[in-house]
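J.: could you look at this predicted model? Sequence included:
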Amino acid sequence: MIEARALRVVVAGGALGACARYGLSELVPGIWTIAVVNVVGSLLLGIIAAMLGPERLWRLFLGTGVLGGFTTFSTFAVDAVDQSALVATAYVAATLIPALLAARAGMEIGHLLRRKRGVA
């Protein structure tokens with residue numbers, strides 16, 4: 001059974017993240033905005049995952065909610081198949097590789113910040 005409090009924090013965070021992504025994509029339309037959103041979101045998720053550890057509600061709000069709503073790999077996938085082969089290949093490479101590297105970098109940053117705070 002889904003815990004009501006956990007569901008509320010995910011919904012609230014998701015609404016914030018989705019609104020932020022929508023605002024950015026309206027401000028700067030195009031597939032490359034989605035690529036940047038996904039890379040930045042991956043970096044931030046890495047930081048949050050490493051810093052918060054098992055702090056469940058904050059992790060649900062920020063990670064699952066805000067960043068889950070902010071990033072959009074489903075839009076990324078649809079955008080990729082709508083492009084020419086050359087653009088799609090560049091888009092996929094310019095999104096996936098940096099997103100994975102950003103997530104790893106974010107985790108390292110998060111671990112450093114966590115140690116700095118004196119949390120093991």
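T.: It's in.
J.: residue ranges in the protein under the pLDDT threshold?
T.: For the chain, the stretches with pLDDT under 70 are 1, 54, 119-120.
J.: which parts of it are helices?
T.: 4-27, 31-52, 56-59, 68-70, 73-81, 85-116 (DSSP state H).
J.: what's the burial count for Gly23?
T.: By other CB atoms under 10 Å, 10 other residues sit near Gly23. The way it works is simple: take the backbone N, C-alpha and C, and place the C-beta from them, glycine included.
J.: pretty sure Val92 is touching Ala80, no?
T.: Yes - the criterion here is CB atoms under 8 Å, and Val92 meets it with Ala80 at 5.4 Å.
J.: ok, and for stretch 74-85, which residues are buried?
T.: Buried residues in stretch 74-85, counted by 16 or more other CB atoms under 10 Å: 76, 79-80.
J.: can you get me a residue count around Ser25?
T.: Residues near Ser25, counting by other CB under 10 Å: 16.
J.: what's the nearest residue to it if we skip its chain neighbours?
T.: Nearest residue to Ser25, sequence neighbours excluded (CB to CB, 6 or more residues apart in numbering): Thr33, at 5.3 Å.
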